[in-house]
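K.L.:
Next come a sequence and a model predicted from it.
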Amino acid sequence: MVATKYLFAGLASVGLALAGGASDIQSSISDIQKSIGTLSSTLKDFSSNGDTMGTALKLEGQAKDLLKEIKGGKETASKADTLSSSDSDKLEDTVHSLSKDVYSLLDSFVDKKPVFQKAVLGGSADGLVDQDLKDLKEATDDFGKALEKIVTGDLKKDAPQILSGLDSHFDDAIKAFSS
């Protein structure tokens, strides 16, 4: 009887660990989305009518903050065990929402290219943006691959398409700042 009690307690703690993995990943994604929101807000107000150099430097710092959050998400996902179908299903909408946020952010960068071209003492910040986008793409790929390893169900099936779509969008944005 006592052994059975410990066996159930052990199984319950394994269940909590898996749920904790999903909740930690959910928390990481939330942090990434907040960082994207901050960067998007600054980008929205970025214009050639203001302090372009100061805002460009602010954007650079916010891009580095986003990079840090994405790398943290990758580390969290890398440490997690394979998620249950239920936990994976709970993450699916969040992952799709995050993808849309990334698409919107990348579109905003491309839309603001004319401002970036005049942001550094009358010169272009294209090289800085190009490098930031390359760094963010690499980190996003790493995070996506770490998630792909631990999710199950529909999210597991959708992961290659989600990653491919993100890569394509990143490539388009990078191309805009590379030329």
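P.N.:
Received, thanks. Numbers count the residues shown, from 1 in each chain.

K.L.:
residue boundaries of the helices in this protein?
P.N.:
Ranges of helices within the chain are 2-45, 52-79, 85-111, 113-116, 126-150, 153-178, based on DSSP state H.

K.L.:
Can you flag the weakest of the ones you listed by average pLDDT?
P.N.:
Per-stretch mean pLDDT for these is lowest at helix 2-45 (a mean of 72).

K.L.:
ok so, going back, turn the helices of the chain into JSON lines, including mean neighbour count.
P.N.:
(Glycine included, C-beta is placed from N, CA and C.) Formatted as JSON lines, the helices of the chain follow (neighbours: other CB atoms under 10 Å):
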{"stretch": "helix 2-45", "mean neighbour count": "14"}
{"stretch": "helix 52-79", "mean neighbour count": "18"}
{"stretch": "helix 85-111", "mean neighbour count": "17"}
{"stretch": "helix 113-116", "mean neighbour count": "17"}
{"stretch": "helix 126-150", "mean neighbour count": "19"}
{"stretch": "helix 153-178", "mean neighbour count": "16"}
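
K.L.:
Now do the contacts for the nearest residue to residue 48 once chain neighbours are set aside.
P.N.:
Leaving out its chain neighbours, the residue that sits closest to residue 48 by CB to CB, 6 or more residues apart in numbering is residue 115, at 5.2 Å. Residues near residue 115 by CB atoms under 8 Å, 6 or more residues apart in numbering: 46, 47, 48, 52.

K.L.:
Same list, those, but as TSV with distance to residue 88 please.
P.N.:
Below are the contacts of residue 115 laid out as TSV (distance: CB to CB, whole Å):
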residue	distance to residue 88
46	37
47	42
48	45
52	44
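
K.L.:
which among those end up buried?
P.N.:
Using 16 or more other CB atoms under 10 Å as the burial test, these include 46, 52 as buried.

K.L.:
among the contacts of residue 115, which two are most distant?
P.N.:
Of all pairs drawn from the contacts of residue 115, the greatest distance, 8.7 Å, lies between 46 and 48 (CB to CB).

K.L.:
about what we covered before: ok, the contacts of residue 115 vs residue 140, which is closest?
P.N.:
Minimum distance to residue 140 across those is 21.8 Å, recorded for residue 46 (CB to CB).

K.L.:
From residue 133, how far off is that closest one?
P.N.:
Distance from residue 46 to residue 133, counting by CB to CB, to the nearest Å: 15 Å.
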